[in-house]
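Student: Need the 3D shape of this:
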Amino acid sequence: MRQLGVFAKFWQPGEVKTRLASRWGAIAASQLYRGFLAATIHRFASLADRRVLAFTPVERRNEFAELAAGRWQLEPQSAGDLGERMRNYFAAAFAGGATHAVLIGSDSPTLPSEFVERAFVLLQTHDVVLGPTDDGGYYLVGAANRVPSIFEGIAWSTPRVWDQTLARIRDAGISHAELPPWYDVDEPADLARLRLEMATRLGEPEIGVLSRLVERVCSSPPA
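Tutor: Numbers count the residues shown, from 1 in each chain. As a prediction, the model looks like this:
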């Protein structure tokens, strides 16, 4: 069974997309984050056998349920740092019957669906699959049949994530495959890149909705 998960945090102003908030303000940044998440879960709502929206904090379940609209199973994220939370996501996936599990975030709202489909294909012959980002991290991680030992000792949210993760893979002696690079939207320059990309994809309903939100925010005066 194939499981796709999305990690999500509640869009509380001041707690999400802080680098965008420094340019457009905390409220606009929170609206962008929610828009990114909505686009992500709507675009992938029919992919995989089971879809899990792994959210935090637990008391915001109702808001996430509204976004999921019954198409995603809701699961609170565990406690701990990012590595612990990802490890626990994969442990729960395999305990629940998944044979191939993939996890993405909401920072890449236009991620090509073929990249995610390709990840599941690669997991038929590899232990781990990763999708690299331009900033030294990864936008996707997938595993087959068991939790890989690649989440410990990583300096999360730094440019060292990718190299450290590859080192963990080598140390564990497991096989891995890599997807094409993509990008997260964290900085104003990333948002400018997103605007240009979306201008060529307005025929996709979710992209069109997100594009209008981004244009509205970008046309507003800086905070």
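
Student: could you measure the spatially most central residue of the chain against Ala95, distance?
Tutor: In the chain, the C-alpha nearest the mean C-alpha coordinate belongs to Gly105, at 1.1 Å (Cα atoms, centre = their mean). The gap separating Gly105 from Ala95 is 22 Å, by Cβ to Cβ, to the nearest Å. All C-beta atoms are positioned from the backbone trio N, CA, C, and that covers glycine.

Student: now do Val161
Tutor: Separation of Val161 from Ala95 (Cβ to Cβ) stands at 26 Å.

Student: what do you get for Thr200?
Tutor: Counting by Cβ to Cβ, the gap from Thr200 to Ala95 is 41 Å.

Student: for the closest residue in space to Thr165 that isn't next to it in sequence, what are its contacts?
Tutor: Of all residues not flanking Thr165 in the chain, Ile150 sits nearest, at 5.4 Å (Cβ to Cβ, 6 or more residues apart in numbering). Neighbouring residues of Ile150 by Cβ atoms under 8 Å, 6 or more residues apart in numbering: 128, 141, 165, 168-169, 172.

Student: Kindly report the same for Pro112.
Tutor: Here Pro112 is in contact with Trp182 (criterion: Cβ under 8 Å, 6+ apart).

Student: any idea how far it is from Val58?
Tutor: To Val58, Pro112 is 32 Å away according to Cβ to Cβ.

Student: Now do the strands in this structure.
Tutor: 2-9, 50-56, 73-76, 100-104, 128-132, 138-144, 176-178 (DSSP state E).

Student: if we compare the ones you listed, which one ends up closest to Glu206?
Tutor: strand 2-9 (13.7 Å; Cβ to Cβ).

Student: Many thanks, we can stop here.
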